[in-house]
Structures are given as structure tokens and as C-alpha cells.
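Asker: Have a look at this prediction, sequence included:
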Amino acid sequence: MNHSPDYETCVDIMHALGDYLSRELSPAEMEEVEEHLQWCELCMNHYRFEKALTTHIRERAQALRAPETLRKRVLHLLDSA
Amino acid sequence: MPELEAAKREEFKQLALPNLDALYRSAMRMTRNEADAEDLVQDALLRAYQFYDQFQQGTNFRAWLFKILTNTFINQYRRRVREPETLSYDESEDFILYNRLVESDEGEMGNPETVVLRKLQHEQVLAAIDRLPYDYRMVVTLADVEGLSYKEVADILGCPIGTVRSRLNRARHMLQRNLWGYLQEAN
């Protein structure tokens, strides 16, 4: 297939990138975005950035753990409930 | 029968405790302070245990716990929590972080994602999430941090899937604007 930059398509794809990242598009839409990303460098750069950022946010935010005191408190309360 | 009660208690613990970190993380984003977050998780887990008979086996226990956490927060804590002052949101500013980084000198020196990954620390990411209004910070927390599906988030927050979709997209853009602010402060 012959690909050329198409402003309208890129705008649509970029709007769909968030849902694509969350894997919340229909199978046909997922495939459409995947196919586009294979040849469109502009959208691919945006996608790569959004993916890296979302992963980074998840990893940073997940570093937070429940304090041990809370775990003990909950166990104690459940045992006496 | 005490044996049955003990078995039920053990079963509940085995299901609930692996979710303690995730519940605490979400409670921290809801209340934005440690003491309230701990009380909230404790209240929610006790409530979940009291209603455990009503949990339908085979359905999603994790989502059920998050729903109880959310409802407990709304009923008992929300009035006390001061919401952050939020800036108005400019609809036209999609991909703000990417665009600003590409325009900046640093963007020219390498991939914009490398700049972000190197500079944004744990505290800044959490602070940037906490500056979002409640509805937005919860979709980011549940979907992007805890990895729940749009459908699960919709059930937990009691809104349509379409609302989750649009809020999450908006929340991500708002979050990027907040993160850009921290990156500028760091320079």
C-alpha cells in the first residue's frame, strides 16, 4: 500500500492514541491504529512518548505501599470482627 | 457456627489483603493525607467483610473492593477533604508535554521521553495527580495506575463508559500540563 502523510488521518489517530494505549478500542480500530503507526513517524513519535509517560507514571505511582502498621491494624480488626 | 465464620474470615483475608497496597494508593489519592487514607482503607475493608455474603462469587472481587472504597470515601470523608485549586483547562492543548519538550533545547538533545523519565520523580508524579479535580484524579488512578478497564472504572465510579473515556483523555492532558510545570520548576 502506498502511504502519504494525511493531516486528517493523523488527527484521528492521535485522538485515538489514549484509548489505543489502554487497549480500549474495537479490534478493527486497534488494527487501524497499528497499521498507521507502522509507517507514520509523526504519530509513532507521539505514541512512543505517551506510552513511555504512562508507564513512567504507573511505575512511580505504584512505588507507594501500604504502611505495615495498616496491615497489622486491618488483620487485627478482621480477627475481632 | 464458629468454624464457618473462621473459614469465611480466612477466605476474605486471602482475597482482600493482596489488594491492600492498591487500596491504600487510591485512598491516598482520594484523601491526600496518610492518616485519613489509612482510616478509609480500614473502614472500607471492614465494610467489605460485613457485606462479603453479598459479593457474587465469580465476579471481580478487586473491582468490588474499589467500589466499596469509593462509596465509603464519598459518604464519610469527601466533605472533609479540601479540593485542590485547579487551573482552567484549555481544550486545544493536546500533547502539551510532548510539544513543549520537542520545542525546547532539551528536546533537541535526545528523545523527549528520555528527558521526562530522567527528571520526573515519584513525588512529582503523585503531586501532579493530586492537583487534578477528584473525578479526573480517580480515573487516572484506577485506569492508568491500577490498570482497571474502562468498564470496571465505570462500575466503580457509577458513570457511563463514555464518561470514563472522555475524562481519562482530559485527565491525561491536564496531568501533562502539571508535569510540565514541575519540569520547568526543576530547571
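Answerer: Received, thanks.

Asker: Which elements pack onto the host helix or strand of residue B:30?
Answerer: Per DSSP states H and E, residue B:30 falls inside helix B:20-31. In terms of contacts (3 or more CB pairs under 8 Å, 6 or more residues apart in numbering or on different chains; DSSP states H and E), helix B:20-31 is packed against helix A:41-62, helix A:68-80, helix B:34-50, helix B:61-72, helix B:122-130, helix B:134-139. C-beta: built from backbone N, CA, C; applies to glycine.

Asker: Need the contact partners of it.
Answerer: By CB atoms under 8 Å, 6 or more residues apart in numbering or on different chains, the list of residues contacting helix B:20-31 from outside reads A:61-62, A:64-67, A:70-71, A:74, B:34, B:36-38, B:40-41, B:44-45, B:62, B:65-66, B:69-70, B:73, B:77-78, B:81, B:126, B:129-130, B:134, B:137-138, B:141-142, B:145-146.

Asker: Just the angle for that helix relative to helix B:34-50, thanks.
Answerer: Helix B:20-31 runs at 120 degrees relative to helix B:34-50, counting by axes from the mean of the first three to the mean of the last three CA atoms, to 10 degrees.

Asker: any idea of the mean pLDDT for helix B:20-31?
Answerer: Taken as a whole, helix B:20-31 has a mean pLDDT of 96.

Asker: now do stretch B:94-107
Answerer: Here stretch B:94-107 scores 76 as its mean pLDDT.

Asker: Pull out the buried positions in that stretch.
Answerer: B:94, B:95, B:96, B:97, B:98, B:99, B:100, B:101, B:102, B:104, B:106, B:107 (16 or more other CB atoms under 10 Å in any protein chain shown).

Asker: Dump those residues into a markdown table; add secondary structure and distance to chain A as well.
Answerer: Formatted as a markdown table, the buried residues of stretch B:94-107 follow (DSSP: H, G, I helix; E, B strand; the rest coil; distance: CB to the nearest CB, whole Å):
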| residue | secondary structure | distance to chain A |
| --- | --- | --- |
| B:94 | coil | 7 |
| B:95 | coil | 6 |
| B:96 | helix | 11 |
| B:97 | helix | 7 |
| B:98 | helix | 5 |
| B:99 | helix | 9 |
| B:100 | helix | 11 |
| B:101 | helix | 8 |
| B:102 | helix | 8 |
| B:104 | coil | 14 |
| B:106 | helix | 13 |
| B:107 | helix | 10 |
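
Asker: from those, which two are the most distant?
Answerer: The widest separation within these, taken as CB to CB, falls between B:94 and B:106 and amounts to 20.5 Å.

Asker: pLDDT averaged over stretch A:59-75 - what is it?
Answerer: 94.

Asker: is any part of that stretch close to chain B?
Answerer: Yes. Applying CB under 8 Å from any CB of the partner chain, one finds that stretch A:59-75 is in contact with chain B at A:60-67, A:69-71, A:73-75.
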